[in-house]
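Participant: got a predicted structure here, sequence first:
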Amino acid sequence: ITNITVDLNGTSIVNMSAVDLKAMLAALWGHNPYVVNQASATNGDVVRVTIPIPLTRKPYWPKECFPATRRGEFHLSLTLAAEGATFTTRNFSVESVELPEADPETFLKLVSISRALTATDFDFPLPVGNDYAGIMIFQPVVLDAGIATGTIRDVRLLIDDAERVVTLSRYESLRADLEMLVKNFDEYTQGGLAAVFPSLASYAYIDFDPLKDGSYLLPTDGRSSVKFRFGLDNAGSPRVIPVELIAVPKA
C-alpha cells in the first residue's frame with residue numbers, strides 16, 4: 001500500500017504510506033503490528049496483518065478521537081503497488097471503531113511531508129497553527145555496520161528562526177528515543193517480511209507530550225515559521241510526519 005489517505009470533505013487528516021503508518025503506530029502506541037504466519041515462504045499460505053490508523057495516541061480515549069461526521073463526509077482511500085512475485089492474491093478488510101458516547105476535545109492529523117535536501121539547502125519547513133504532540137522523521141540512508149554515515153547527522157528545531165526545544169540532537173539519539181518507546185522494535189526478521197516492513201532503524205521520533213497531559217506540547221499558533229535545520233552527511237529526501245493536535249470546535 002503506497003498511500004493511505006483519510007480525509008474529511010477533501011481535507012487530509014491522514015496521508016502516508018503503509019510503511020510510515022506502521023512506524024507511526026509503533027511510536028504512538030508502543031508496538032509494531034503483529035503479522036500472522038510471517039515466517040512462511042510457501043506459495044498459497046495465508047499471511048495476515050492488521051494496521052490500525054491511529055486518530056488518537058491512546059486507543060479508546062474519549063478525550064482524543066475523531067468527532068462524529070455525517071454520511072459521505074469521511075473517506076478512506078488506498079493506493080496499491082503492483083503485487084510482484086511475492087504475493088499472489090491480496091484481500092482487504094476495513095473496519096471502524098466508534099465511541100458512541102465520546103465528546104472529544106482533539107484528534108490527530110498525520111500528513112507526511114517529503115523534501116529533497118542538499119548540503120546548501122538543508123532546512124525543512126513544517127506546518128504552522130496547531131499544537132504538536134510529536135514529530136516523526138524518516139531518513140533514506142541508515143548508518144549501520146556497512147555504511148559509515150546516514151542521511152541526517154543532527155537535528156535542530158527552529159521557531160521563528162530561533163532554536164527551541166531541540167537545540168541540537170544527534171539523529172541517532174532521536175532514533176534511540178523511538179527504540180525505547182517500542183516493545184517489539186525489530187519484529188520482522190523472518191521470511192519476506194523484512195522487505196515489506198523495513199526495520200524501524202530508518203525512523204526517529206520526538207515526543208512533545210510524553211506524559212499525555214499537555215504539559216510539554218509544542219504550540220505553533222501565531223508563529224511565522226517552524227522548521228527543522230538538518231545537518232546532512234548525505235543528500236537525500238527525508239520524510240517528516242508532524243503529529244498535530246486538531247481542536248474540535250464546540251457548539
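Facilitator: That came through, no problem. Numbering: from 1, shown residues only.

Participant: which SS class is residue 93?
Facilitator: Three-state call for residue 93 (DSSP: H, G, I helix; E, B strand; the rest coil): coil.

Participant: neighbours of it, how many?
Facilitator: The number of residues packed near residue 93 is 6, by other Cβ atoms under 10 Å. To be clear about C-beta, it is placed using only N, CA and C from the backbone, and glycine gets the same treatment.

Participant: quick check: next helix or strand after the one helix or strand in the chain whose mean pLDDT sits lowest?
Facilitator: One helix or strand of the chain scores below all others by mean pLDDT, DSSP states H and E: helix 193-196, with a mean of 58. Following helix 193-196 in sequence order, the next helix or strand is strand 203-207 (DSSP states H and E).

Participant: now do the buried residues in that next one.
Facilitator: Neighbour counts over strand 203-207 (16 or more other Cβ atoms under 10 Å) mark 203-207 as buried.

Participant: could you list the paired strands of it along with their orientation?
Facilitator: Strand 203-207 sits in its sheet next to strand 131-138 (antiparallel), going by DSSP bridges.

Participant: touching, residue 27 and residue 206? I think so.
Facilitator: No. With contacts counted by Cβ atoms under 8 Å, residue 27 stays clear of residue 206, the gap being 9.6 Å.

Participant: circling back to that earlier point, report the two of the buried residues of strand 203-207 separated the most.
Facilitator: With Cβ to Cβ as the measure, no two of the buried residues of strand 203-207 lie farther apart than 203 and 207, at 12.9 Å.

Participant: okay, and the common contacts of the two?
Facilitator: Common neighbours of residue 203 and residue 207, counting by Cβ atoms under 8 Å, 6 or more residues apart in numbering, are residue 27.

Participant: strands of the stretch 101-250 of the chain, start to end?
Facilitator: Using DSSP state E, counting those that start in this stretch, the strands assigned to the stretch 101-250 of the chain run over residues 106-111, 113-114, 123-126, 131-138, 152-159, 162-163, 169-170, 203-207, 226-232, 239-247.

Participant: can you list the residues that contact the longest one?
Facilitator: Which is strand 239-247. The contact list for strand 239-247 (Cβ under 8 Å, 6+ apart) reads 16, 20, 24, 28, 57, 64, 105-115, 124, 126-127, 130-138, 208, 217, 228.

Participant: change it to 6 Å
Facilitator: Contact with strand 239-247 is made by 106-107, 109-110, 112-114, 124, 126, 130-138, as judged by Cβ atoms under 6 Å, 6 or more residues apart in numbering.

Participant: same deal with stretch 66-82?
Facilitator: Contacts with stretch 66-82, where a contact means Cβ under 6 Å, 6+ apart, come from 1-9, 55, 104, 107, 248.

Participant: can you put the residues you listed in a markdown table and add pLDDT and neighbour count?
Facilitator: Shown next, in a markdown table, are the contacts of stretch 66-82 (pLDDT from 0 to 100; neighbours: other Cβ atoms under 10 Å):
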| residue | pLDDT | neighbour count |
| --- | --- | --- |
| 1 | 88 | 15 |
| 2 | 91 | 12 |
| 3 | 95 | 16 |
| 4 | 96 | 20 |
| 5 | 97 | 15 |
| 6 | 97 | 19 |
| 7 | 96 | 15 |
| 8 | 94 | 14 |
| 9 | 92 | 10 |
| 55 | 96 | 21 |
| 104 | 95 | 19 |
| 107 | 97 | 18 |
| 248 | 93 | 14 |
